[in-house]
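Engineer: Sequence plus the predicted model coming up.
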Amino acid sequence: MSSRVVSWLPRLLIYLFGIVLSLWVLAPLYVITLAAFSSEEDVYKYPKDLLPRHPSTETLSFFLNFAGMTDALRRSVIVAVITLAISLAVGTPAGYALARFAFRGADTVRLSVVATRAFPIVILSIPLAVIFIRWGIDDTIQGVSIAHTALALPFVVLTTASVFANVPAELEEAAQTLGCSRGSAFVRVALPLALPGLAASAIFVFIISWNEVFAASLLTLQNRTLPAEVLALLEGAPLNFRFAGGFLLMAPSVIVILVIRRYLFTMWGRVVR
Amino acid sequence: MADVRFESVRKTFGKVVAVDDVDLEVADGDFVVLLGPSGCGKTTLLRCLAGLERVDSGRVLIGGRDATDLPPRRRRIAMVFQSYAVFPHLNVFKNIAFGLRMQKERKAVIRERVESAAKLLHIEDLLDRYPSQISGGQRQRVAVARAIATKADVLLMDEPLSNLDALLRMEMRAELKALLLQLGSTTIYVTHDQVEALSMGDRIAVMNAGRIVQLDSPLAVYDHPADTFVGGFVGTPPMNFLTAEIVAADGAGPLVNLSGGSFPVGPTAATLTGRKLVLGIRAESIFVEQQSGDGLIEATVIVVEPLGSHNLLTVRSGEDILKVSTSPRLFPEPDSSVWLRLEPNRIRWMDPETGAALDSAGTAPQNAIRR
């Protein structure tokens, strides 16, 4: 009997741990979502309802129609997508080069990539703002994207380097003996195998850009991204609007993670559930 | 089908000379094994042929065409890698079809060629599986099928069997040999396993320190090693090497002096009289007697290893340690004395300075490749 107890106990613990972990993540998401779709009095009510008693999109629609909110949302998406595109386009080849070639100064490159993260964005933003004003790209989507790319790029280079280091070079060589050029061997063999890792890297880049407040606040005035706009507007706003703002900040990252998750967990021919 | 020629090929990695001025000709349809210890440059030489390494100097010709500067895909070669390098994101069918797809073959042709290659390797039931779903031995078969499916001019194999377990390796060795014989394609096969080299190749190129030290048929490599390195590397156990001197004696012809005794050799060795030499002899060319007699040298048994088909004795004679292969029924006690007869016409003479084999005229024979 006792052996049976021992056999199910670790399983139970694992499930309990999983449940606690899920609640840790999901509970705040649920509360924010619930509050975002509730009326003003429900949000202030105590004790709170755990189920939507009077679901309403009133706050959200008011919030979205509030001066420039949808524009800010749109800008945030555009900035995140541009950041994602540039970071992956520049960072992936750099990561590949670090993983595959022992070139002179490879270690220096690696170190300097990490070193860029040593300067906090707080310190970088002010000289950046000065330069952007001089270049005439202050208060633009492109300017913020460039700043976000600077934040995300080191991360992309280092993660993709380790992703490509895990794809054996012999696979690409085999592809070359079978009729591929270096380039097509990369596209046909290394890239598909690196896809889960690249997807993970993409998620983080998107979230880095999406969540970034400081540089966005400092580099823009009119053309703010959503977090910067929310931060500026909601400080004194009623609670239900803060929840609505929180929901709008959260929703796109959740959607992106859900979409990319497929590539994260697809391990060549079987889906790891 | 094509022949292959290396002309003074040299390849260095920094200060390390991996391939040092190698000349090698492989005739159309020939099966040549590059054999040598790890780090001897055999894999580098193969990769130079595949185009995966650029040679520093010299030329590589495939089918009479200068391929030195061609990328791998233009060389009409196919290669089997030590790690198999089967693509994990493609199923077995797509793996085998990969080269054919790159050649833009028609769908029907691809299907037919993939299926016939799969049938040859007995993996026709696995075509829908992914590499993660099949065993190492099956993956190895996929790698071979993928290489033969494109019908390349030259087939390159880089230690294709070394990741298999011993039993499977022996089985696959015979199967692969039969398959390659049937295909008749020019094959260059790299291995560090001398049994594999002896059993499979038409010819063996023994490599050491970036050079080919002997290029011969398997039997010639085994019986007439070009130098002490080849004799010591090929064969289990390695050839015995003893310090020897040939001295003139009355009547019966010259005598060989070893540290453990003397015995007469035939008159053919007379030209070597008076020279310091290394005597090389294989374990199975030494016969063990239980009693003293004419032309025998005495030895003390150190250890007896029964191996089923024969017993391997390690004996000491004077200052020399020898490996001797005997009948499986002979079990001399350790520390007891035995008497050895060294078969005179199985003795190979080597130069003690250079290690190179000498014929009875005292010069290096034809089969040796000059250093």
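Structural biologist: Yep, it's here.
Engineer: near chain A, which residues of chain B show up?
Structural biologist: Proximity of chain B to chain A, by CB under 8 Å from any CB of the partner chain, involves residues B:50-52, B:71-73, B:77-79, B:81, B:83, B:85, B:87-89, B:91, B:98-99, B:102-103, B:130, B:132-133, B:146, B:150, B:156. (Each C-beta comes from the backbone N, C-alpha and C, glycine too.)
Engineer: if we go to 7 Å?
Structural biologist: For chain B, the contact set with chain A under CB under 7 Å from any CB of the partner chain comprises B:50, B:52, B:71-73, B:77-79, B:81, B:83, B:85, B:87-89, B:91, B:98-99, B:102-103, B:130, B:132, B:150.
Engineer: I'd like the list of those that fall within helices, please.
Structural biologist: Counting by DSSP state H, the members of the residues of chain B next to chain A that fall within helices are B:50, B:98, B:99, B:102.
Engineer: Poorly predicted segments of the chain, please.
Structural biologist: Defaulting to chain A. Judged against pLDDT under 70, the low-scoring parts of chain A cover residues A:1-6, A:67, A:261-273.
Engineer: should've been chain B
Structural biologist: B:251-252, B:360-371.
Engineer: Can you give the domain ranges for chain B?
Structural biologist: B:4-232, B:237-358 (automatic domain parsing).
Engineer: Among those, show me which one is buried the most.
Structural biologist: Relative to the other members of the domains of chain B, domain B:4-232 carries the highest mean neighbour count by mean count of other CB atoms under 10 Å in any protein chain shown, namely a mean of 19.
Engineer: part of a helix, is residue B:22?
Structural biologist: No: note on residue B:22: no helix contains this position according to DSSP: H, G, I helix; E, B strand; the rest coil, which reports strand.
Engineer: what about the closest residue to it other than its chain neighbours, distance to chain A?
Structural biologist: Excluding its sequence neighbours, the residue lying closest to residue B:22 (CB to CB, 6 or more residues apart in numbering or on different chains) is residue B:9, at 4.8 Å. Distance of residue B:9 to chain A, computed by CB to the nearest CB, to the nearest Å: 18 Å.
Engineer: Of the domains of chain B, give the one that comes closest to residue A:144.
Structural biologist: Ranking the domains of chain B by distance to residue A:144, with CB to CB as the measure, places domain B:4-232 first at 36.5 Å.
Engineer: Endpoints of that closest one, how far apart?
Structural biologist: In terms of CA to CA, to the nearest Å, the two terminal residues of domain B:4-232 are separated by 29 Å.
Engineer: who in chain A is up against chain B?
Structural biologist: Residues of chain A lying near chain B by CB under 7 Å from any CB: A:168, A:170-171, A:173-174, A:176-181, A:189, A:192-193, A:268-269.
Engineer: could you redo the last one with a cut-off of 6 Å?
Structural biologist: Within chain A, the positions adjacent to chain B are A:170, A:171, A:173, A:174, A:176, A:177, A:178, A:179, A:192, A:193, A:268, A:269 by CB under 6 Å from any CB of the partner chain.
Engineer: Same list (those) but as JSON lines, adding secondary structure and distance to residue B:278.
Structural biologist: Below are those laid out as JSON lines (DSSP: H, G, I helix; E, B strand; the rest coil; distance: CB to CB, whole Å):
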{"residue": "A:170", "secondary structure": "helix", "distance to residue B:278": "41"}
{"residue": "A:171", "secondary structure": "helix", "distance to residue B:278": "47"}
{"residue": "A:173", "secondary structure": "helix", "distance to residue B:278": "42"}
{"residue": "A:174", "secondary structure": "helix", "distance to residue B:278": "44"}
{"residue": "A:176", "secondary structure": "helix", "distance to residue B:278": "46"}
{"residue": "A:177", "secondary structure": "helix", "distance to residue B:278": "43"}
{"residue": "A:178", "secondary structure": "coil", "distance to residue B:278": "48"}
{"residue": "A:179", "secondary structure": "coil", "distance to residue B:278": "50"}
{"residue": "A:192", "secondary structure": "helix", "distance to residue B:278": "57"}
{"residue": "A:193", "secondary structure": "helix", "distance to residue B:278": "53"}
{"residue": "A:268", "secondary structure": "coil", "distance to residue B:278": "56"}
{"residue": "A:269", "secondary structure": "coil", "distance to residue B:278": "59"}
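Engineer: Just the buried subset of those residues, please.
Structural biologist: A:170, A:171, A:173, A:174, A:176, A:177, A:178, A:179, A:193, A:268 (16 or more other CB atoms under 10 Å in any protein chain shown).
Engineer: sorry, back to before: using CSV, lay out the domains of chain B together with distance to residue A:230.
Structural biologist: What follows is these, written out as CSV (distance: least, CB to CB, whole Å):
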stretch, distance to residue A:230
domain B:4-232, 42
domain B:237-358, 79
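Engineer: so who does residue B:247 touch?
Structural biologist: Contact analysis of residue B:247 by CB atoms under 6 Å, 6 or more residues apart in numbering or on different chains lists B:255, B:257.
Engineer: partners of it in the sheet?
Structural biologist: In this structure, residue B:247 bridges to residue B:255 when assessed by DSSP bridges.
Engineer: Skipping its backbone neighbours, what lies nearest residue B:334 in space?
Structural biologist: If the residues on either side of it in the chain are set aside, residue B:334 comes closest to residue B:301, at 5.4 Å by CB to CB, 6+ apart.
Engineer: which residues sit against stretch B:105-113?
Structural biologist: Residues outside stretch B:105-113 that contact it (CB under 6 Å, 6+ apart) are B:97, B:100, B:149.
Engineer: For chain B, which segments count as helices?
Structural biologist: With DSSP H as the criterion, chain B has helices spanning B:42-50, B:92-102, B:107-120, B:136-149, B:166-183, B:194-200, B:218-223, B:228-233.
Engineer: thinking in terms of the whole chain, how far from its middle is the last one?
Structural biologist: When you say that, I think you mean helix B:228-233. Relative to the chain's own centre, helix B:228-233 is displaced by 11 Å; criterion: CA atoms, centre = their mean, to the nearest Å.
Engineer: Need the contact partners of it.
Structural biologist: The set of residues that contact helix B:228-233 without belonging to it, under CB under 6 Å, 6+ apart, is B:206, B:208, B:213, B:214, B:225, B:238, B:239, B:241, B:280, B:350, B:355.
Engineer: Could you dump those into TSV and include distance to residue A:18?
Structural biologist: Listed next are these as TSV, based on distance: CB to CB, whole Å:
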residue	distance to residue A:18
B:206	60
B:208	59
B:213	63
B:214	65
B:225	66
B:238	60
B:239	65
B:241	67
B:280	69
B:350	71
B:355	68
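Engineer: Nearest to residue A:120 among the residues you listed?
Structural biologist: Nearest member of those to residue A:120, counting by CB to CB, is residue B:208, at 58.6 Å.
Engineer: How much space separates residue A:85 from residue A:114?
Structural biologist: 23 Å (CB to CB, to the nearest Å).
Engineer: What of residue B:239?
Structural biologist: According to CB to CB, residue B:239 and residue A:114 sit 56 Å apart.
Engineer: Ok, residue A:222 next?
Structural biologist: Between residue A:222 and residue A:114 the distance is 35 Å, computed by CB to CB.
Engineer: next one: residue B:240
Structural biologist: Residue B:240 sits at a distance of 59 Å from residue A:114 (criterion: CB to CB).
Engineer: Next: residue A:42.
Structural biologist: Here the criterion is CB to CB. By it, residue A:42 lies 48 Å from residue A:114.
Engineer: Looking at those two, which has the bigger crowd around it?
Structural biologist: Between residue A:42 and residue A:114, counted using other CB atoms under 10 Å in any protein chain shown, the more crowded position is residue A:42 (19 against 13).
Engineer: And the host helix or strand of that one, what does it pack against?
Structural biologist: Assignment of secondary structure by DSSP states H and E places residue A:42 within helix A:40-44. Of the remaining helices and strands, those touching helix A:40-44 by 3 or more CB pairs under 6 Å, 6 or more residues apart in numbering or on different chains; DSSP states H and E are helix A:239-265.
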